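Enquirer: model this:
(one chain, ligands or ions: 1)
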Amino acid sequence: MARSVSMKDVAQLARVSVGTVSNVLNRPSRVSSATRQRVEDAIDKLGWVRNESARQLRAGRSDAVGMIVLDISNPFFADVIRGAEAFCHEQGYLVHIGNSDQVQDRQDDLLRHFEQHRVRGVLLAPISSDLGLCDQLKRRGIPVVLVDRTTSGGFCAVGVDDVEGGRLAVGHLLEQGHRRLAFVGGPGSLAQVRDRRLGGDLALARVADAAAMLVVSTPTLDVASGLAAAGEIAALPDGERPTGVFACNDLVAIGLLQGFVAAGLAIPGDVAIIGYDDIDFAAASAVPLSSVRQPRFELGATAARLLFDEIAAADEQAAHSHSMIRLAPELVGRQSTAAGRAG
Ligand code: RIB
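Expert: Purely as a prediction, here's the structure:
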C-alpha cells in the first residue's frame, strides 16, 4: 500500500522547510507570495491533505465543541443546535453533533469519542441522571454543560421549567371547559415526560369540579407514537373518550392530529389537542397546533455561553461555580384548541 503523503514530502518538493509549509497553512502573511505559490503548487501536485485531528491532538486541544442531542430528527433539537452553534461560531469554534437516540450506550460512546478528539467542551442533552462519564471528562479538563435539563449540581445546566409547561398545557384545556383529558407521551425514563405530566396533574388538582386525565404512555416522542395513541383514544366510546389531549411534544401532537382526522374526529370540535415545544411545524400544521413554546435558540445559546464561561475560568485557573438557568415556557393558543367544548 502506497505510503501516505506527508508535510515533509511537500516541503521537499517545494524546496522549503516543514516550518515554511506550516506557515503557509497557518500564518500565510509570514511567507513571500512566490514561496507561498511554490508550496501550494506542491500540495496540489502531491494531493496532500493536512491531518487536522493529529495536529489538534499534538496541540492538546481542538477548535471544536461536542454536542449530543436526544433525537436529531426532532426539529426542537435543530433549533437548540442553531443557538449553540451561533454562539460557538462567535468564539471561533465548530460544533460537532452527536445523536444519542435516547440510548445510554450511544451517549457514552459519543462522550468517549469527544474526549479522544480533545474537544474544548461538551453540550449534552442527557438521557438520564447517569452522568458518570461526564464526571470523568470534567476531571480530564473537558467541561460538560447540560442542555434542556437542570440538575442537582455538579454541572452547569440550562433547561425550561417543564412542570410549569405541563401546568400551562392542561390549564389551557381546563379553561376551554374540558374535563375528560388525556396525557400522551413517554418513555417515563425521560425527565421531560415526568415533569410535564406532573405539571398537568398539578393543574388538574386545582380544578374544582370533577376532571380526569387518562395517561397513554408511548415508547417514543415522535409522530408514529402519536398516531398509534390516536387509534387507542379514538376507539373509546363517545362519552368516555377524552375531549382534550395534552401531547408531550409537538411531534406526538402531529401524529395524534393525523390519527384523529383519519378516524373521522373533528379538531377541536370532537377532540382538542395541545403539544409542547412550538416547533415551526406546529403553526404550519393542517390544523394550527396549540403548544407550549420552549425558547429553543436561547436554550442552545445560553448553554454554549455557560460552557465558554467555564472554559475561560479553567484557562485562567479562576474559581468557577456552576450555574443552573431555568427558562420560562410560554402558552401559544391556536386552532387545535380554540373551539374547545366541555367534555
Ligand atoms: O426530546 C424529547 C423532547 O424533550 C423534545 O420534544 C423537547 O420537548 C425536549 O424537551
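
Enquirer: CA atoms of whichever strand or helix holds residue 204 as PDB?
Expert: Per DSSP states H and E, residue 204 falls inside helix 191-205. The C-alpha trace of helix 191-205 is given here as PDB (Å, rounded to 0.1, in the frame of the first residue of the first chain):
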ATOM      1  CA  ALA A 191     -37.400  13.700  32.900                       C
ATOM      2  CA  GLN A 192     -39.100  15.800  30.400                       C
ATOM      3  CA  VAL A 193     -42.000  13.400  30.300                       C
ATOM      4  CA  ARG A 194     -42.300  13.000  34.000                       C
ATOM      5  CA  ASP A 195     -42.100  16.800  34.700                       C
ATOM      6  CA  ARG A 196     -44.700  17.700  32.000                       C
ATOM      7  CA  ARG A 197     -47.100  15.100  33.300                       C
ATOM      8  CA  LEU A 198     -46.500  16.300  36.900                       C
ATOM      9  CA  GLY A 199     -47.400  19.800  35.800                       C
ATOM     10  CA  GLY A 200     -50.600  18.500  34.200                       C
ATOM     11  CA  ASP A 201     -51.500  16.700  37.400                       C
ATOM     12  CA  LEU A 202     -51.000  19.900  39.400                       C
ATOM     13  CA  ALA A 203     -53.300  21.800  37.100                       C
ATOM     14  CA  LEU A 204     -55.900  19.100  37.400                       C
ATOM     15  CA  ALA A 205     -55.700  19.100  41.200                       C
END
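
Enquirer: what about the following helix or strand past that helix, average pLDDT?
Expert: Downstream of helix 191-205, the first helix or strand assigned by DSSP H and E is strand 212-217. In this model, strand 212-217 carries a mean pLDDT of 98.

Enquirer: helices or strands up against strand 212-217?
Expert: strand 180-185, helix 191-205, helix 223-234 (3 or more CB pairs under 8 Å, 6 or more residues apart in numbering; DSSP states H and E). (C-beta placed from N, C-alpha, C; glycine too.)

Enquirer: Pull the residues that contact that strand.
Expert: The contact list for strand 212-217 (CB atoms under 8 Å, 6 or more residues apart in numbering) reads 170, 179-188, 197, 200-201, 204, 229, 232-233, 242, 246.

Enquirer: Can I get it as PDB, trimmed to CA atoms?
Expert: The C-alpha trace of strand 212-217 is given here as PDB (Å, rounded to 0.1, in the frame of the first residue of the first chain):
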ATOM      1  CA  ALA A 212     -59.800  13.200  35.000                       C
ATOM      2  CA  MET A 213     -56.700  12.700  32.800                       C
ATOM      3  CA  LEU A 214     -56.200   9.300  31.000                       C
ATOM      4  CA  VAL A 215     -52.400   8.600  30.600                       C
ATOM      5  CA  VAL A 216     -51.500   6.900  27.300                       C
ATOM      6  CA  SER A 217     -47.800   6.000  27.600                       C
END
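
Enquirer: and the angle for it with helix 223-234?
Expert: 140 degrees (axes from the mean of the first three to the mean of the last three CA atoms, to 10 degrees).

Enquirer: who's residue 64 bridged to?
Expert: Beta-bridge pairing for residue 64 (DSSP bridges): residue 94.

Enquirer: per-residue confidence at it?
Expert: What the model reports as pLDDT for residue 64 is 95.

Enquirer: Tell me which residues touch it, please.
Expert: If you count contacts by CB under 8 Å, 6+ apart, residue 64 has them with 93, 94, 95, 96, 117, 119, 120.

Enquirer: buried subset of those residues?
Expert: Buried by 16 or more other CB atoms under 10 Å: 93, 95, 96, 119, 120, out of the contacts of residue 64.

Enquirer: Could you give the number of residues near the closest residue to the fourth one other than its chain neighbours?
Expert: Nearest residue to residue 119, sequence neighbours excluded (CB to CB, 6 or more residues apart in numbering): residue 66, at 4.3 Å. Residue 66 sits with 24 neighbouring residues when counted by other CB atoms under 10 Å.

Enquirer: Distance of residue 66 relative to residue 115?
Expert: Using CB to CB, to the nearest Å, residue 66 is found at 9 Å from residue 115.

Enquirer: pLDDT-wise, which helix or strand of this structure ranks last?
Expert: Between all helices and strands in the chain, the lowest mean by mean pLDDT, DSSP states H and E belongs to helix 52-59, at a mean of 62.

Enquirer: residue contacts, the residue in the chain that the ligand sits nearest to?
Expert: Ranking the residues of the chain by distance to the ligand (CB to the nearest ligand atom) places residue 249 first, at 3.3 Å. Counting by CB under 8 Å, 6+ apart, residue 249 touches 74, 76, 185, 192, 221, 275, 276, 277.
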